[in-house]
Structures are given as structure tokens and as C-alpha cells.
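Q: I'd like to go over a predicted model; first the sequence, then the structure.
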Amino acid sequence: MLGGYISDNYVWPWIFLINVPVGVFCALLCWNNLKSQETPTRKLPIDRVGLVLLFLWVGALQIMLDKGKDLDWFHSAFIVTLLGLTSSPSPRG
């Protein structure tokens with residue numbers, strides 16, 4: 001009903017502001033209840049091999065998607081090679 005009243009008497013984008021008090025209330029409630037549950041943090045080393053492989057995978061996927069149309073998708077050996085780099089191996093039992 002409040003949304004209908006706002007739509008009739010004000011501009012319709014104001015309807016989205018109905019959620020602001022509810023969101024603030026939920027955030028405060030969660031903050032108060034969860035601050036006692038905080039766990040200590042540990043500094044762990046970065047997996048450098050995994051990070052490099054992630055960069056290679058995302059880069060190959062991006063180049064494949066960007067250049068695919070220009071190079072006629074899978075008629076290009078370059079695109080097929082990039083597809084091979086972005087494909088995950090099948091799980092082995």
C-alpha cells in the first residue's frame with residue numbers, strides 16, 4: 001500500500017527508498033549479533049602457481065572471445081589452441 005501511495009503522489013523512483021530503513025535495521029542487527037563471532041585472521045602465503053595459471057586462463061579466455069569472430073571461430077588454429085587452454089580436463093577416478 002505504501003508503494004502505491006508513493007507511486008500516485010510522488011515520482012516512482014522514490015519506491016526504492018522504502019528499502020533503506022529496512023536495510024539499515026538489518027545491517028545494525030547483523031553487526032551487533034555477529035561482532036562477537038569474529039575469528040582471528042592469519043596471514044597465509046599466496047599460491048603463486050595458481051595465480052599465474054589463473055592469469056593465463058582468464059587471458060586466453062578473453063582473447064578467444066574477443067578474436068573469435070574476427071578469426072572465424074573454430075576454423076582458426078589460434079582459437080582452437082586458446083580453447084584448449086581454457087578447457088578444464090575431465091575428472092579422473
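A: Yep, it's here.
Q: Does anything pack onto the lowest-mean-pLDDT helix or strand in the chain? Which helices or strands?
A: One helix or strand of the chain scores below all others by mean pLDDT, DSSP states H and E: helix 2-9, with a mean of 72. Contacts defined by 3 or more Cβ pairs under 8 Å, 6 or more residues apart in numbering; DSSP states H and E place helix 2-9 against no helix or strand at all. Every C-beta, even on glycine, is put in place using the N, C-alpha and C of the backbone.
Q: what comes up buried for it?
A: residue 6 (16 or more other Cβ atoms under 10 Å).
Q: For whichever strand or helix holds residue 26, C-alpha coordinates in PDB please.
A: In the assignment (DSSP states H and E), residue 26 maps to helix 19-34. Taking Å, rounded to 0.1, in the frame of the first residue of the first chain, the C-alpha atoms of helix 19-34 are listed here in PDB:
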ATOM      1  CA  ASN A  19      14.100  -0.500   1.400                       C
ATOM      2  CA  VAL A  20      16.600   1.900   3.000                       C
ATOM      3  CA  PRO A  21      15.300   1.800   6.600                       C
ATOM      4  CA  VAL A  22      14.800  -2.000   6.400                       C
ATOM      5  CA  GLY A  23      18.400  -2.400   5.100                       C
ATOM      6  CA  VAL A  24      19.900  -0.100   7.800                       C
ATOM      7  CA  PHE A  25      17.900  -2.000  10.500                       C
ATOM      8  CA  CYS A  26      19.100  -5.400   9.200                       C
ATOM      9  CA  ALA A  27      22.700  -4.200   8.900                       C
ATOM     10  CA  LEU A  28      22.700  -2.900  12.500                       C
ATOM     11  CA  LEU A  29      21.100  -6.100  13.800                       C
ATOM     12  CA  CYS A  30      23.700  -8.300  12.000                       C
ATOM     13  CA  TRP A  31      26.500  -6.100  13.100                       C
ATOM     14  CA  ASN A  32      25.500  -6.400  16.800                       C
ATOM     15  CA  ASN A  33      24.900 -10.100  16.700                       C
ATOM     16  CA  LEU A  34      28.000 -11.100  14.600                       C
END
